[in-house]
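Participant: this is a predicted model, with the sequence first.
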Number of protein chains: 4
Amino acid sequence: MVASVPQVVVVGGGIRGSMFAATVQQHPDAALVALCDPSPSVRERNAETLGVPVYADLHAMLAAHPEATAAIIATPDFAHRDAAVDCASRGLDLLVEKPLATTSDDAEAIRAAADAAGSRVVVGFENRWNQKFIEVRDQLSQGTAGRTVTQVVNLNDTRWVPTSMLSWAAHSSPAWFLMPHSLDLTMWLTGTTPVEVFARGTRRILPGLGVDTWDAVSASFLMSDGSTVVLNSSWVLPESAPSVFDFRYELQAEHTAYHLDISYDGVTRYDPDGVSWLQFGVHERHGRLEGIPIDMARDFIAALNGEPRDLPDAAHGCLVTAAIEGVHTSLAAGLPHTL
Amino acid sequence: MVASVPQVVVVGGGIRGSMFAATVQQHPDAALVALCDPSPSVRERNAETLGVPVYADLHAMLAAHPEATAAIIATPDFAHRDAAVDCASRGLDLLVEKPLATTSDDAEAIRAAADAAGSRVVVGFENRWNQKFIEVRDQLSQGTAGRTVTQVVNLNDTRWVPTSMLSWAAHSSPAWFLMPHSLDLTMWLTGTTPVEVFARGTRRILPGLGVDTWDAVSASFLMSDGSTVVLNSSWVLPESAPSVFDFRYELQAEHTAYHLDISYDGVTRYDPDGVSWLQFGVHERHGRLEGIPIDMARDFIAALNGEPRDLPDAAHGCLVTAAIEGVHTSLAAGLPHTL
Amino acid sequence: MVASVPQVVVVGGGIRGSMFAATVQQHPDAALVALCDPSPSVRERNAETLGVPVYADLHAMLAAHPEATAAIIATPDFAHRDAAVDCASRGLDLLVEKPLATTSDDAEAIRAAADAAGSRVVVGFENRWNQKFIEVRDQLSQGTAGRTVTQVVNLNDTRWVPTSMLSWAAHSSPAWFLMPHSLDLTMWLTGTTPVEVFARGTRRILPGLGVDTWDAVSASFLMSDGSTVVLNSSWVLPESAPSVFDFRYELQAEHTAYHLDISYDGVTRYDPDGVSWLQFGVHERHGRLEGIPIDMARDFIAALNGEPRDLPDAAHGCLVTAAIEGVHTSLAAGLPHTL
Amino acid sequence: MVASVPQVVVVGGGIRGSMFAATVQQHPDAALVALCDPSPSVRERNAETLGVPVYADLHAMLAAHPEATAAIIATPDFAHRDAAVDCASRGLDLLVEKPLATTSDDAEAIRAAADAAGSRVVVGFENRWNQKFIEVRDQLSQGTAGRTVTQVVNLNDTRWVPTSMLSWAAHSSPAWFLMPHSLDLTMWLTGTTPVEVFARGTRRILPGLGVDTWDAVSASFLMSDGSTVVLNSSWVLPESAPSVFDFRYELQAEHTAYHLDISYDGVTRYDPDGVSWLQFGVHERHGRLEGIPIDMARDFIAALNGEPRDLPDAAHGCLVTAAIEGVHTSLAAGLPHTL
């Protein structure tokens, strides 16, 4: 019965929005209803690929599709609030890309709207679907590693990300763009929350490249269990780096330590243009998308279909947003900030 | 309609047989019928886990289950022939673990039985389902890398494999156990076949450990396109190695080179027992097995259900068996062997 | 003319003291005069190996050897002050192991004594003699890398160091033992000094192992050029780690980034006891010690013999000590500390 | 007394010849007498840098410098014979770059000339001065690793070497240029000699680039102790490789395995031009050259001055040349070749 599966609209038709739309469309237990995006060329491309109605405006889409029961929010980070609140207010369940929002105000507004309407909110912390982290978390949860001492996470992008990939980089920062991932992981892996942050950064390269934001930020967190977390994120790696992102995670616990290379997946190519690490985040197999964010979207659909799934919710999204906001507060004040 | 999905029996209830049986059982478009294994304890374990009839004897199982339409052969390598011929002769489609057999005679007998009965045979060269190799093959097939010059593949096991994991190691060798994987890959990645082999090896450690076979074998192949392939496989790595297997692949082509680490998947654990690399070959997610051999078994089922799949067939299995047989011929003769 | 070469006494006959003593003895342009150490067994061992007079007491040694012109101070860190002040006061030139001292008071007292007597002080920041860092510094000094953005240094020890190697670990910390190295490097490589530090740490594992100090400390520095430095140092790595120390350095600059593995030197051994990385810090060649600290000691001798050498002096040692003291001040106060 | 130190002439003023000349000149116990090279510009450059007489012709140099007691032969490989025989015949002791020669005829002629005149010959297998290999050899010689099973050595160059660095690449091959290094190492590390070789190669890329030689060669050796050696050498790595050479060595023995990265020395640079590994083969310190080939040249001088040194001699050079000649014989015949 078609009516019984989630009827999904997608807000934002960029790389991620199109990918999620296709994932929904390929799913036997979900239906893609429509997509909206302000850009005519993006709309045209998605209309062609997906064959569903496309809209310039979220409100028009929602008005035209009262059958929608869920929405995937894939707009730029700073624009999550309006889209998410509108959709949640109508009772749609939401998958919102990380971070939930870029101010606590925005994040809390989304949570409030969802709570009021009884909407479910899932925040897209997709690294939780990476088998490497899943396995480490399973092992840690067995307890033999003992108490955590410290976690250090380096998650950097080449300067291509702020200068070419994102049109809205000046409204964001390496902290807003990258640390939601790394902070969420440290919380999820060890079952802790951050209680205080101190951050330091530099802004000397990107402003000169026309993107007025931080080059690099380092943040030191005290966690609820007394352990420490250090996050380093930069947006200025040279473009010759073998991967657009450089992602390394390490944990030291009482009896065990882990080192994870996330960006290096075992495959290096040397060609006339340089050295590159092949990556397998999203790929097609027998006509279906596969990969980490696809698994996440499928678990969102599974949850909508009533299957038990332990997913990052709005309250968690608010915590992470508050913590990254705290990073920027500490950057501005030069002092530790209590969360 | 239940009758329309493949009705699968599994021959051999060890690690791999149980895994394949569970995969079939979890599949919406296949049914697990029964399993057979000569060991009472293995039967008991599988009966409990799977809840299907188990048999000591293949013939008894086949006689009891005329509804069977497919079989998965997961016996020791040298025992593939009897099981596969019996099953194929009754018209069952087969997934046979690599290598198809350990003599050309056996391999050809399987092929002949299957051809005569119109059975489909898939040989379990599971590395073809590893996304790392899939991606490299896709790139190579685009042609920009140019002609292949050479491939070098190191695929070694720690001595735990021949001395503890396999009861039948003395009937096999690192060449029979490991090189079907590495040779198949070189053929599949570059679309070539081996035309001549020269091999050299040592047998000085394992015989002293009670396993009368080769410690290590190196084989040099001339391929049909004039490129070369060097395969190195040993069974005597120290048990302190961070992974039971050590698998590295490299290719040099006209414009491009690739280096693949297969056993290192980016996650290192340091604990009181030593250093280990976590691996993700097979894992459970939401109650379902996932991983490379699972994807292979699913593609076998998909093919049985009429979906188009490009799978390694009996003719290919015969080629690989003949080539590894040639490795041992060359080892014995000290001369190159034409394939 | 024997009298014209430096006449060197060594204070402390442990691993480092013996090594420096042998280095002096093997040097054509220096003479080893005597060594002192409070431990009878240490004295006996050194007397046998070196064949020079050994003393239990520094004062006795100095009184017995008025010909001494230089001293190498290789006592535990916290004991540098007394030895160094005594030697400097008599006009001896000094090579003092890093850190110069573990309080600013002690460090300044050493500097004052040396200044008053006109003694030269060299602080043993031996990583400056590691060709890897020398090469990076040379490249950075050419300016093409552009302005530095951030440096991140991980320098950890296995728990063997505080629990077995050092009898005086509870008087020290991973910050005192390891960060002088990493901080000195960041200063030397980029020509900057630290102006503010914030630090965070945990003390949950080592106290339970009978060593009442920090398990791990992370420190975030603002440098004089506006760049940032993050230092992470722990003393609780599992003993299965392939190297007693884990040392990784990275720098991001305007146009260039560097990643340095210091503990991994390219050689891995797998044996029945585990996985280890071979290291080449100090080795013997043709009966002479060679290696990084040996080169440092030779440059100390060269400087004493009037050759031009750019060496870390007492003022620099005081700066580093003040900064590491600041790490502990920040740890105690939970606030950034201005240096 | 000047007359008592070796009086050294250098034959060939390229990169290596100049480097050796400077090494001799900087040595307190040797004197650089003169250098010869057929190229006027090379002569001019060396005359300026070194300030010693330079000659176009070896004979003229030898005639003008009867005081010469030793020669360093740094001509192209195929030209070693004439230079070495001429020098040896006059009783000069020789350091000859590896390989001793590129035919057994040439190598034996050099050995015979040296034997007749009582000259000492050292062949420049410089990897024996790499501390990584020295340490592995020391450990192997202690016997705890047990019997060797197999050694695999990959030593490749980017195509820049045959197409740009060497004017005479078409007279050589990756086997002649690279395998003397790798074969010598396997012999030296395990105290064995090769008894049979089988080789395979391709020549499809370099001829098209105007260098008519092999792209890549793989050689399989049976060693005198029954162990095996596999050498892979190519000259066609893409120029984007992080190092001009790619050098990896591995050994499996009864109880122990070793993996050595030689080209990766722990330092990676990312800059606008690509990814590179910094290397430290030869560098200057306080105005003196330092590094692996410098240590080799110094040991040559030490031996000339009567110090005990265990150096690769002409007989060993003849063995290696015969083995590499055997590689080419096997390549041509397609059969194993007994050495």
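Facilitator: Received, thanks.

Participant: and A:Cys318, how far from A:Ile72?
Facilitator: 19 Å (CB to CB, to the nearest Å). Backbone N, C-alpha and C define where each C-beta goes, glycine included.

Participant: what of A:Val197?
Facilitator: Counting by CB to CB - A:Val197 and A:Ile72 are separated by 30 Å.

Participant: higher neighbour count, those two?
Facilitator: Each of A:Val197 and A:Ile72 has its neighbours counted (other CB atoms under 10 Å in any protein chain shown); A:Ile72 has more, 30 against 27.

Participant: contacting residues for that one?
Facilitator: Residues near A:Ile72 by CB atoms under 8 Å, 6 or more residues apart in numbering or on different chains: A:8-11, A:17, A:20-21, A:24, A:94-96, A:297, A:300.

Participant: top of the residues you listed by neighbour count?
Facilitator: Most surrounded of those: other CB under 10 Å gives A:Val10, at 32 neighbours.

Participant: the contacts of A:Ile72 in strands, which ones?
Facilitator: A:8-11, A:94-96 (DSSP state E).

Participant: element containing the closest residue to A:Pro336 other than its chain neighbours, please.
Facilitator: Nearest non-adjacent residue to A:Pro336, counting by CB to CB, 6 or more residues apart in numbering or on different chains: A:Phe198, 4.3 Å away. Assigned by DSSP states H and E, A:Phe198 belongs to strand A:194-202.

Participant: who's in contact with the nearest residue to A:Ala297 once chain neighbours are set aside?
Facilitator: For A:Ala297, ignoring the flanking residues on the chain, the nearest one in space by CB to CB, 6+ apart is A:Thr23 at 4.5 Å. Contacts for A:Thr23 (CB under 8 Å, 6+ apart) come out as A:289, A:293-294, A:297-298.

Participant: gap between A:Thr23 and B:Trp129?
Facilitator: 21 Å.

Participant: in chain A, which residue is closest to the centre?
Facilitator: A:Lys98 (3.2 Å; CA atoms, centre = their mean).

Participant: which residues are in contact with the worst-scoring helix or strand of chain A on mean pLDDT?
Facilitator: One helix or strand of chain A scores below all others by mean pLDDT, DSSP states H and E: strand A:282-285, with a mean of 92. For strand A:282-285, contacts defined as CB under 8 Å, 6+ apart pick out A:19, A:289-294, B:131, B:134-135.

Participant: for chain A, which helix is longest?
Facilitator: Criterion DSSP state H: the longest helix present in chain A is helix A:314-333.

Participant: helices or strands up against it?
Facilitator: For helix A:314-333, the elements it packs on are helix A:104-117, strand A:121-124, helix A:174-190, strand A:194-202, strand A:216-223, strand A:337-338, judged by 3 or more CB pairs under 8 Å, 6 or more residues apart in numbering or on different chains; DSSP states H and E.

Participant: what mean pLDDT does the first one have?
Facilitator: Confidence over helix A:104-117, taken as the mean pLDDT, stands at 97.

Participant: now it against helix A:314-333, angle please.
Facilitator: 170 degrees (axes from the mean of the first three to the mean of the last three CA atoms, to 10 degrees).

Participant: helices or strands up against helix A:104-117?
Facilitator: With contacts taken as 3+ CB pairs under 8 Å, 6+ apart, helix A:104-117 sits against helix A:80-89, strand A:93-97, strand A:121-124, helix A:314-333.

Participant: can you do 6 Å?
Facilitator: helix A:80-89, helix A:314-333 (3 or more CB pairs under 6 Å, 6 or more residues apart in numbering or on different chains; DSSP states H and E).

Participant: close to chain C: what parts of the stretch 51-200 of chain A are there?
Facilitator: Contact residues, the stretch 51-200 of chain A versus chain C (CB under 6 Å from any CB of the partner chain): A:147, A:149-150, A:152, A:198, A:200.

Participant: convert stretch A:63-73 to CSV, retaining C-alpha atoms only.
Facilitator: Extracted C-alpha coordinates of stretch A:63-73, given in CSV (Å, rounded to 0.1, in the frame of the first residue of the first chain):
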residue,chain,number,x,y,z
ALA,A,63,1.4,23.2,-0.3
ALA,A,64,1.4,21.1,-3.4
HIS,A,65,2.2,17.9,-1.6
PRO,A,66,0.1,17.5,1.5
GLU,A,67,0.8,13.7,1.2
ALA,A,68,4.5,14.4,2.3
THR,A,69,5.3,12.7,5.7
ALA,A,70,9.0,13.3,5.9
ALA,A,71,11.6,15.7,4.7
ILE,A,72,15.4,15.6,4.2
ILE,A,73,17.0,19.0,4.8
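
Participant: and it, what's buried?
Facilitator: A:65, A:68-73 (16 or more other CB atoms under 10 Å in any protein chain shown).

Participant: pLDDT of it, averaged?
Facilitator: 98.

Participant: gap between it and the chain center?
Facilitator: Put simply, stretch A:63-73 sits 22 Å off its chain's centre (CA atoms, centre = their mean, to the nearest Å).

Participant: and if you look at stretch A:287-295?
Facilitator: The chain centre lies 16 Å from the centre of stretch A:287-295; the measure is CA atoms, centre = their mean.

Participant: that stretch and chain B, are they touching?
Facilitator: No - Stretch A:287-295 stays clear of chain B (CB under 6 Å from any CB), getting no nearer than 8.1 Å.

Participant: now do the helix or strand where A:Lys132 lies, average pLDDT.
Facilitator: Using DSSP H and E, A:Lys132 maps to helix A:131-141. For helix A:131-141, mean pLDDT rounds to 96.

Participant: give the next helix or strand downstream of that helix.
Facilitator: Sequence-wise, the next helix or strand downstream of helix A:131-141 (DSSP H and E) is strand A:148-157.

Participant: what sits up against the helix or strand that that following strand is followed by?
Facilitator: Downstream of strand A:148-157, the next assigned helix or strand under DSSP H and E is helix A:160. Residues from elsewhere that reach helix A:160 (CB atoms under 6 Å, 6 or more residues apart in numbering or on different chains): A:Glu239.

Participant: give the contact list for A:Ser263.
Facilitator: Contacts of A:Ser263 by CB under 6 Å, 6+ apart are A:243, A:245-247.

Participant: out of these, which end up buried?
Facilitator: A:243, A:245-247.

Participant: low-confidence stretches in chain A?
Facilitator: Applying pLDDT under 70 to chain A picks out residues A:1-3.

Participant: hang on, the earlier thing: going by distance to D:Val54, which of the residues of the stretch 51-200 of chain A next to chain C wins?
Facilitator: A:Val152 (56.9 Å; CB to CB).

Participant: mind putting the contacts of strand A:282-285 into JSON lines with neighbour count?
Facilitator: JSON lines is the format used below for those (neighbours: other CB atoms under 10 Å in any protein chain shown):
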{"residue": "A:Met19", "neighbour count": "20"}
{"residue": "A:Leu289", "neighbour count": "19"}
{"residue": "A:Glu290", "neighbour count": "18"}
{"residue": "A:Gly291", "neighbour count": "21"}
{"residue": "A:Ile292", "neighbour count": "17"}
{"residue": "A:Pro293", "neighbour count": "19"}
{"residue": "A:Ile294", "neighbour count": "22"}
{"residue": "B:Gln131", "neighbour count": "18"}
{"residue": "B:Ile134", "neighbour count": "17"}
{"residue": "B:Glu135", "neighbour count": "19"}
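
Participant: helices - which of those residues land there?
Facilitator: A:19, A:292-294, B:131, B:134-135.

Participant: wait, A:Gly317 touches A:Val122, no?
Facilitator: No - here A:Gly317 does not reach A:Val122: they are 8.8 Å apart, not a contact under CB atoms under 6 Å.

Participant: neighbour count: these two, which is higher?
Facilitator: A:Gly317 (28 against 24).

Participant: dump the residue contacts of the residue at the greatest distance from the centre of chain A.
Facilitator: Centroid-distance maximum for chain A: A:Pro272 at 33.2 Å, with CA atoms, centre = their mean. For A:Pro272, the contacting residues are B:His255, by CB under 6 Å, 6+ apart.

Participant: which bits of chain A sit near chain B?
Facilitator: Proximity of chain A to chain B (CB under 6 Å from any CB) is limited to residues A:131-132, A:135, A:255-261, A:266-272, A:278, A:280.
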